[in-house]
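**Q** can you look at this prediction? I've put the sequence above it.
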Amino acid sequence: MEFGRVDNIDLVDFTFPADHPITTDVLLHSAKLEPRVYVGCAKWGRPDWIGKIYPKGTKEADFLKHYVKHFNSIELNATHYRIFDKKTINKWKDTADEGFKFSPKFFQGITHWKRLKDVEDLTTQFYNSVEELKEKLGPCFLQLHENFSPKNLLQVESYLKSLPKDVKVHIELRHPDWFKDSPLSKEAFEMFRDYGVGTVITDTSGRRDCMHMRLTTPIAFIRFVGNGLHPTDYLRINDWVMHIKKWLAEGLQELYFFMHQHDELHSPELCAYVIKELNKHCNLKLHVPVFEGSVGQPSLF
């Protein structure tokens with residue numbers, strides 16, 4: 001992921017922001033359920049994970065089969081670039097274990113090319129495809145283009161109103177104006193809450209405003225962008241784990257924590273660290289990825 005890349009990590013202020021008041025209110029009024037926690041990467045098609053979490057000699061066709069042995073979810077970025085046929089989707093579903101969740105990204109033809117306008121047919125095709133995941137379908141996430149500002153709020157509202165209500169949707173905002181303290185921004189996040197649409201929180205070095213700490217549903221969707229196992233990656237994760245512990249105590253029902261890197265080589269290591277720390281501090285029993293031999297063992301910074 002190139003979004004939020006910086007040249008000098010040491011100049012970034014990684015101070016963890018406080019929750020926005022809407023988050024406090026959403027969690028206060030959420031039903032207190034046994035929380036479900038999912039941690040995973042953004043893709044499974046990584047040949048450089050062979051000898052790390054994939055056994056030596058693993059063929060590309062078997063990457064997913066080995067990925068699901070380590071993680072209970074995946075941020076399915078592949079669906080952003082094409083709408084897959086049902087046969088392919090069913091193959092993925094059948095490969096994953098019970099309880100695994102796929103979180104598909106909306107097709108770019110909907111969000112980036114047509115910018116939510118005149119996309120009824122494309123949206124139907126996208127939903128017909130991803131709904132084949134059935135019980136393994138997690139939240140779908142709708143990423144708006146970086147130049148898509150709150151001035152387009154009515155278009156966003158119109159599109160969200162048209163979506164099926166039985167599929168969870170989270171929206172990722174990137175234009176800086178969404179995060180300003182303005183009447184239009186307030187209206188947007190209240191609208192997401194009213195429609196039961198979650199918000200994606202993106203933690204990346206070069207765009208600290210995207211770590212807006214506004215939950216509009218009691219389901220958190222976090223996209224964490226690391227910096228190649230830089231020491232600050234672990235410090236940031238430590239902060240997240242303690243904040244997630246707070247959210248769980250306050251009523252968070254589900255957590256989706258997806259790991260990104262500007263180079264995805266080390267995503268499994270950071271995911272393993274997240275899982276171990278969540279287990280340790282949040283009284284969870286998530287499966288910890290097992291690395292091949294001694295190669296690629298996650299750092300315990």
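**A** Received it, and whenever you're ready, just let me know what you need.
**Q** what ranges does the stretch 201-301 of the chain have for its strands?
**A** 219-226, 254-261 (DSSP state E, counting those that start in this stretch).
**Q** so which of these is nearest Asn147?
**A** Within these, the stretch nearest Asn147 is strand 219-226; the backing value is 19.1 Å (CB to CB). Glycine gets a C-beta too; all of them are placed from N, C-alpha and C.
**Q** what's next to the closest one, contact-wise?
**A** When contacts are defined by CB atoms under 8 Å, 6 or more residues apart in numbering, strand 219-226 is touched by residues 1, 3-4, 75, 103, 139, 141, 168, 170, 172, 198-205, 233, 236-237, 240, 244, 247, 252-262, 266-267, 270, 274.
**Q** filter the residues you listed down to the ones in helices?
**A** Counting by DSSP state H, these place 233, 236-237, 240, 244, 247, 267, 270, 274 in helices.
**Q** grab the two from these that are most spread out in space.
**A** By the measure CB to CB, Trp247 and Ser267 form the most distant pair in these, at 23.0 Å.
**Q** those two: which is more packed in?
**A** The neighbour comparison of Trp247 against Ser267 (other CB atoms under 10 Å) goes to Ser267, with 22 against 19.
**Q** pLDDT below threshold where in the stretch 151-300 of the chain?
**A** Residue ranges of the stretch 151-300 of the chain with pLDDT under 70: 294-300.
**Q** next up, the contacts around Trp44.
**A** Here Trp44 is in contact with 63-64, 67, 74 (CB under 8 Å, 6+ apart).
**Q** may I see those residues arranged in a markdown table, with pLDDT, neighbour count and distance to Ser158 as well?
**A** Output for the contacts of Trp44, formatted as a markdown table (pLDDT from 0 to 100; neighbours: other CB atoms under 10 Å; distance: CB to CB, whole Å):
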| residue | pLDDT | neighbour count | distance to Ser158 |
| --- | --- | --- | --- |
| Phe63 | 97 | 20 | 39 |
| Leu64 | 98 | 16 | 36 |
| Tyr67 | 98 | 24 | 37 |
| Ile74 | 98 | 25 | 30 |
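**Q** so can I have CSV of those residues showing secondary structure?
**A** Below are those laid out as CSV (DSSP: H, G, I helix; E, B strand; the rest coil):
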residue, secondary structure
Phe63, helix
Leu64, helix
Tyr67, helix
Ile74, strand
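**Q** of all the residues you listed, which comes closest to Leu229?
**A** Within those, proximity to Leu229 (CB to CB) peaks at Tyr67, which comes in at 19.9 Å.
**Q** didn't that closest one look like it was pressed against Ile53?
**A** Yes: between Tyr67 and Ile53 there is a contact under CB atoms under 8 Å: 7.4 Å.
**Q** go through stretch 200-218 and flag the buried ones.
**A** Neighbour-count burial for stretch 200-218 flags 200-205, 207-208, 210-212, 214-218 (criterion: 16 or more other CB atoms under 10 Å).
**Q** that older thread, closest one to Tyr81 among the strands of the stretch 201-301 of the chain?
**A** Here strand 254-261 is closest among the strands of the stretch 201-301 of the chain (CB to CB), at 16.0 Å.
**Q** so what secondary structure elements neighbour the closest one?
**A** Judged by 3 or more CB pairs under 8 Å, 6 or more residues apart in numbering; DSSP states H and E, the packing partners of strand 254-261 are strand 36-41, strand 73-76, strand 101-104, strand 219-226, helix 231-250, helix 267-282.
**Q** now those as TSV including distance to Asp13?
**A** Compiled in TSV, those are given as follows (distance: least, CB to CB, whole Å):
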stretch	distance to Asp13
strand 36-41	26
strand 73-76	26
strand 101-104	29
strand 219-226	16
helix 231-250	11
helix 267-282	21
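**Q** Asp194 is nearest to which of these?
**A** Using CB to CB, these put strand 219-226 closest to Asp194, at 15.5 Å.
**Q** what's the angle between the closest one and strand 254-261?
**A** Strand 219-226 and strand 254-261 are oriented at 20 degrees to each other (axes from the mean of the first three to the mean of the last three CA atoms, to 10 degrees).
**Q** tell me how far strand 219-226 lies from the chain's centre.
**A** Mean C-alpha position of strand 219-226 versus that of the full chain (CA atoms, centre = their mean, to the nearest Å) differs by 5 Å.
**Q** how about stretch 147-165?
**A** In terms of CA atoms, centre = their mean, the centre of stretch 147-165 is set 20 Å apart from its chain centre.
**Q** also stretch 247-260?
**A** Relative to its chain's centre, stretch 247-260 lies at 11 Å (CA atoms, centre = their mean).
**Q** again with stretch 39-53
**A** 16 Å.
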